[in-house]
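[1] Need a 3D model of the sequence below.
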Amino acid sequence: MRKIKVLIADDHTLVRDGIRSMLNLVANVEVIGEAKNGKEAVEKTRQLAPDVVLMDLAMPTMSGLDATRKIRRESPRTKVLALTQYDDNEYVIPVIEAGARGFVTKMAAFSELASAIQAVYNGDSFLSPSAATALVEECQQKIGAEGEKDPYQQLTDRERETLRLVVEGYTTKEIADTLVVSPKTVEWYKSSLRKKLNINNRTELIKFAIRKGLITV
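    Numbering: from 1, shown residues only. Here you go, the predicted model:
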């Protein structure tokens with residue numbers, strides 16, 4: 001019987017050790033590696049080609065959300081299963097949109113985690129009850145808004161990238177160099193995204209970015 005190859009990505013050693021110990025009890029699962037941050041998770045996915053990555057969201061160097069996006073682009077055959085302490089829609093929705101096939105909270109029973117790994121490996125999706133509730137509430141809120149559009153969805157790709165760089169503390173010149181455009185163009189992007197989001201200062205932009213899962217704290 002072929003075993004499901006699993007990579008554990010979490011910045012806490014005790015958490016990784018505990019998950020590894022539990023998964024060692026599952027006959028058809030093999031833990032082939034560990035990563036202590038998002039960047040390392042991406043690198044080890046390239047090297048080890050796991051079937052499933054258990055991805056924490058709040059990690060240093062690169063967040064689990066960014067790592068999920070990168071893994072889904074570079075290694076589409078690898079399934080990402082978010083495993084985190086957060087279970088509200090500010091975390092569930094962004095990681096699912098980023099490409100994760102499932103979402104399990106760290107408060108879940110081990111049997112739930114084992115079932116989730118099997119499900120995403122088989123090509124299905126898996127949401128823990130609290131995550132499913134958050135997803136339903138998000139949909140209901142959108143319906144209740146009578147079709148009102150999420151302002152973030154109105155941003156262009158360049159405006160979204162500019163937003164991310166702004167909240168990460170990049171200067172206008174650094175953003176211009178990164179996007180290979182002029183500083184004047186960057187100022188236009190900044191003005192446009194602030195108008196669309198109805199936000200006029202960096203503090204509120206940071207709060208907005210956290211709510212959207214663009215950055216973690």
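[2] Now do stretch 10-27: distance to the chain's middle.
    With C-alpha atoms, centre = their mean, to the nearest Å as the basis, stretch 10-27 stands 20 Å off its chain's centre.
[3] that's a helix at Gly123, yeah?
    No - using DSSP: H, G, I helix; E, B strand; the rest coil, the secondary structure at Gly123 is coil, not a helix.
[4] Count residues in the vicinity of it, would you?
    As a burial measure, Gly123 scores 8 neighbours (other C-beta atoms under 10 Å). Quick note: C-beta positions are derived from backbone N, CA and C, even for glycine.
[5] quick one: pLDDT of it?
    What the model reports as pLDDT for Gly123 is 91.
[6] same check, this time on Asn89
    At Asn89, the pLDDT value in this model is 62.
[7] same question, the one 10 residues further on
    pLDDT, Gly99: 91.
[8] Look up how far Asp17 lies from the residue nearest in space to the middle of the chain.
    Nearest to the geometric centre of the chain sits Leu65, at 2.0 Å (C-alpha atoms, centre = their mean). Distance, Leu65 to Asp17, by C-beta to C-beta, to the nearest Å: 24 Å.
[9] cool, Ala35 as well?
    Taken as C-beta to C-beta, the span from Ala35 to Asp17 is 14 Å.
[10] Settle it for me: which of those two has more neighbours?
    A direct count of neighbours by other C-beta under 10 Å for Ala35 and Asp17 places Ala35 higher, at 27 against 13.
[11] so who does the residue nearest to the centre of the chain touch?
    Applying C-beta atoms under 8 Å, 6 or more residues apart in numbering to Leu65 gives the contacts 57, 94-95, 98, 213-214, 216.
[12] try 6 Å
    For Leu65, the contacting residues are 57, 94-95, 98, 213, by C-beta atoms under 6 Å, 6 or more residues apart in numbering.
[13] With distance to Ala27 and neighbour count as added columns, please give these in JSON lines.
    Below are the contacts of Leu65 laid out as JSON lines (distance: C-beta to C-beta, whole Å; neighbours: other C-beta atoms under 10 Å):
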{"residue": "Leu57", "distance to Ala27": "29", "neighbour count": "27"}
{"residue": "Pro94", "distance to Ala27": "34", "neighbour count": "19"}
{"residue": "Val95", "distance to Ala27": "29", "neighbour count": "25"}
{"residue": "Ala98", "distance to Ala27": "31", "neighbour count": "22"}
{"residue": "Gly213", "distance to Ala27": "35", "neighbour count": "22"}
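[14] ok, Pro60 - contacts?
    Counting by C-beta under 6 Å, 6+ apart, Pro60 touches Asn37.
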